[in-house]
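J.: Turn this into a model:
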Amino acid sequence: MGAQEQLSTLLLWTPFLAEGFLINLLISFAPMLLGTLLGWGLGSLRASQHIRAGYIAGSVTSLFRNIPSFVFLFYIAFLTPMEFSWQGEVYSFPIWLKATLALTVPVIGFASDQITTLLSELRENKDNCWGMFSIAWTQYLLVVVMASATASVIGVDEIVSRANTVIAAVRDPSLMLWVYGYVAAWFLLTGSLISTLARVIELRYQRSTQA
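T.: Reported below is the predicted structural model:
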């Protein structure tokens, strides 16, 4: 297969791959939002005057922060059932939801640390502490987006999994590097956009501190 045919093949499969990448974004943004909300609760407890609650919240934060999300992927995949019953009806447990839960865990640890620092700075009336939080949050979002590719190992139908489907369907070994390179480009472009957003936030933060 020549270069032009390979390019045509990639374009043909692009809608299929794009649908998979939407799942990557889903299992990236959902954990960031859910993890931030739960991490806010832990961070609030750590910053409170209740010593025992703060100690427990700190221990949970340390646990969630230090166990790799890849380990949680397998743990949650095997821990949660394939299906469950509700009011006499049987429902399947969405595998993308399992990936979302796994990726949420480290976000909780991250958010707890950031919220603890944020609340401390707010009490001290420090300027633009929200700016620093926004920068850190955006940078961590980039980490989670890249980590979403690991969800393919438990069967999530995201872009890496679909890339393997394309390779198997085309049955041309020469296309493998093209497909994986194309998938990598999607992540690189997204990472570039997120990094640019983080840089914009950082520049605004620097201007506000200099004003």
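J.: drop to CA atoms for contacts and neighbour counts, all remaining ones
T.: OK.
J.: any idea of the mean pLDDT in stretch 133-146?
T.: Taken as a whole, stretch 133-146 carries a mean pLDDT of 90.
J.: Distance from it to the middle of the chain?
T.: Centroid separation between stretch 133-146 and its chain, computed with C-alpha atoms, centre = their mean, to the nearest Å, is 9 Å.
J.: hey, C-alpha coordinates of it in CSV?
T.: Taking Å, rounded to 0.1, in the frame of the first residue of the first chain, the C-alpha atoms of stretch 133-146 are listed here in CSV:
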residue,chain,number,x,y,z
PHE,A,133,-5.2,26.5,41.2
SER,A,134,-6.5,26.9,37.6
ILE,A,135,-3.0,26.5,36.2
ALA,A,136,-2.4,23.3,38.2
TRP,A,137,-5.9,21.9,37.4
THR,A,138,-5.4,22.5,33.6
GLN,A,139,-2.0,20.9,33.7
TYR,A,140,-3.3,17.8,35.5
LEU,A,141,-6.1,17.6,33.0
LEU,A,142,-3.4,17.0,30.3
VAL,A,143,-2.0,14.1,32.4
VAL,A,144,-5.5,12.5,32.7
VAL,A,145,-6.1,12.9,28.9
MET,A,146,-2.9,11.0,28.2
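J.: Tell me the buried residues in it?
T.: Judged by neighbour count using 16 or more other C-alpha atoms under 10 Å, the buried positions of stretch 133-146 are 133-142, 144-146.
J.: Leu197: which of those residues is nearest?
T.: Nearest to Leu197 among the buried residues of stretch 133-146, counting by C-alpha to C-alpha, is Thr138 at 7.5 Å.
J.: tell me which element that closest one falls in.
T.: In the assignment (DSSP states H and E), Thr138 maps to helix 129-147.
J.: That helix packs against which elements?
T.: In this structure, helix 129-147 packs against helix 3-46, helix 95-123, helix 176-210, with contacts taken as 3 or more C-alpha pairs under 8 Å, 6 or more residues apart in numbering; DSSP states H and E.
J.: right, and the helix or strand after the lowest-mean-pLDDT helix or strand in the chain?
T.: Lowest on mean pLDDT, DSSP states H and E among the helices and strands of the chain sits strand 83-86, with a mean of 69. Per DSSP H and E, strand 83-86 leads on to strand 89-92 as the next helix or strand towards the C-terminus.
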